[in-house]
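# Okay, predicted coordinates and the sequence, questions at the end:
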Amino acid sequence: MSSKARKKKVKTKKVTFKDKNWYSVVASKNFNFKPIGEVIGLEDNLIGRTLETLLYDFTGKYSDISLKLKFQITDIHEEAKKCNTVFQGHSYTNDFIRSLIGRGSTKIQTIKNLTTKDGYIFRITMLCTTIKRARSSQQILIRKIMREILAEFAKSLNHEKFIAGIIFGEFQNQIQRVAKTIYPLSNAVLIKSKLVSMPEGGKDKEIPDDQFEIVEVDVKRSRKSEIKRSERINVKKLAQSSNRTRSDSSQGLDSPTEEIDDEESEEPSLE
């Protein structure tokens, strides 16, 4: 007989359902350790498992139902049957992202790795959409504004407050405030984030407040990036015109779209 045939097969104990235990999973300290679900398994196999939940489960606001949060299990308390997690990232649903991009608009997107003050690295995806078609020079300038504001926040904030700015819309509000002076925006949304790496022994130390400083960036406008008076858009009239067109089409009426008179616009000029 060969030597392989003489070797005895090592019997491994089969893991059954009775050997597994249920563990409650709580969110990270940023979200006040709120329970987000339960998992079943062995203690050795739970580390690194990820769970998804909605921001709606934390805020109760229907406007947050499209935002998904991802948490990763980092350690387990066997006696309490509880798993602690770390914030792994967020993303919006695909149907929500598609709804941001209208016909005739320009999509301006940037992806950038940012390192926070305490050494956490996040990969951020930011999306801005304009009301009408923007020139390439305006797109370049808006993309530069997005990247500079996000980088300024990252280097001055710890990861706890940086996560709060991502999730609760502070960063995108400040980006829209500056970028709309280059070209009118319909949306500015931080559509995705991902925790790329964290320092050894890193953990949440504090629950951040909702106070953020105003970030100003030096925007060097060129003549090509400025909005000409003949190309300025009366946002209020444009919205009223599109709503009137939709209501007429729903009633079966074919009414021509009203032209927007830029010279008689009462909106302040965007320069």
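Perfect, thanks for sending it.
# Am I right that Val25 is in contact with Ile73?
Yes: between Val25 and Ile73 a contact is recorded at 6.7 Å, counting by CB atoms under 8 Å. Bear in mind the C-beta positions are built from the backbone N, C-alpha and C, glycine included.
# Now the common contact residues for those two.
Common neighbours of Val25 and Ile73, using CB atoms under 8 Å, 6 or more residues apart in numbering, are 39, 51, 83, 85.
# Report the contact partners of the first one.
Going back to what we said before, that points to Val39. With contact taken as CB under 8 Å, 6+ apart, Val39 is in contact with 22-23, 25, 46, 49, 51, 73, 83.
# Among these, which are located in strands?
Among the contacts of Val39, the ones falling in strands (DSSP state E) are 22-23, 25, 51, 73, 83.
# and Asn187, how many neighbours does it have?
19 (other CB atoms under 10 Å).
# again but with Tyr62, I slipped
8.
# can you check the one 10 residues further on too?
The number of residues packed around Gln72, counting by other CB under 10 Å, is 17.
# Tell me the bridge partners for it.
Counting by DSSP bridges, Gln72 is bridged to Thr50, Val86.
# And the pLDDT at it?
At Gln72, the model reports a pLDDT of 94.
# residue contacts, it?
Taking CB under 8 Å, 6+ apart, we find Gln72 in contact with 48-50, 85-86, 88.
# buried stuff in stretch 21-33?
Using 16 or more other CB atoms under 10 Å as the test for burial, stretch 21-33 gives 23, 25-31.
# Show the residue spans covered by the strands in the stretch 101-250 of the chain.
107-115, 121-130, 185-197 (DSSP state E, counting those that start in this stretch).
# And the first one, what does it pack against?
Judged by 3 or more CB pairs under 8 Å, 6 or more residues apart in numbering; DSSP states H and E, the packing partners of strand 107-115 are strand 121-130, helix 136-156.
# that older thread, please identify which of the buried residues of stretch 21-33 is nearest to Ile108.
Asn30 (28.8 Å; CB to CB).
# Then the closest one would be within a helix, right?
Yes: per DSSP: H, G, I helix; E, B strand; the rest coil, Asn30 lies within a helix segment.
# Low-confidence stretches in the protein?
The model of the chain has pLDDT under 70 over residues 1-12, 221-271.
# Domain boundaries for it, per the record?
20-92, 101-197 (automatic domain parsing).
# one step back: so which of the strands of the stretch 101-250 of the chain comes closest to Leu141?
Here strand 107-115 is closest among the strands of the stretch 101-250 of the chain (CB to CB), at 9.8 Å.
# circling back: from the helices and strands packed on strand 107-115, which stretch is densest packed?
Highest mean neighbour count among the helices and strands packed on strand 107-115 (mean count of other CB atoms under 10 Å): strand 121-130, with a mean of 21.
# Which neighbours in the sheet does that strand have, and how are they oriented?
For strand 121-130, pairing defined by DSSP bridges yields strand 107-115 (antiparallel), strand 185-197 (antiparallel).
# now the angle from it to helix 136-156?
With axes from the mean of the first three to the mean of the last three CA atoms, to 10 degrees applied, the angle from strand 121-130 to helix 136-156 works out at 150 degrees.
# could we number from 55 for the rest of this?
All right, first residue 55 from here; so that's strand 175-184.
# so how many other residues sit close to Thr139?
Other residues close to Thr139 by other CB under 10 Å number 22.
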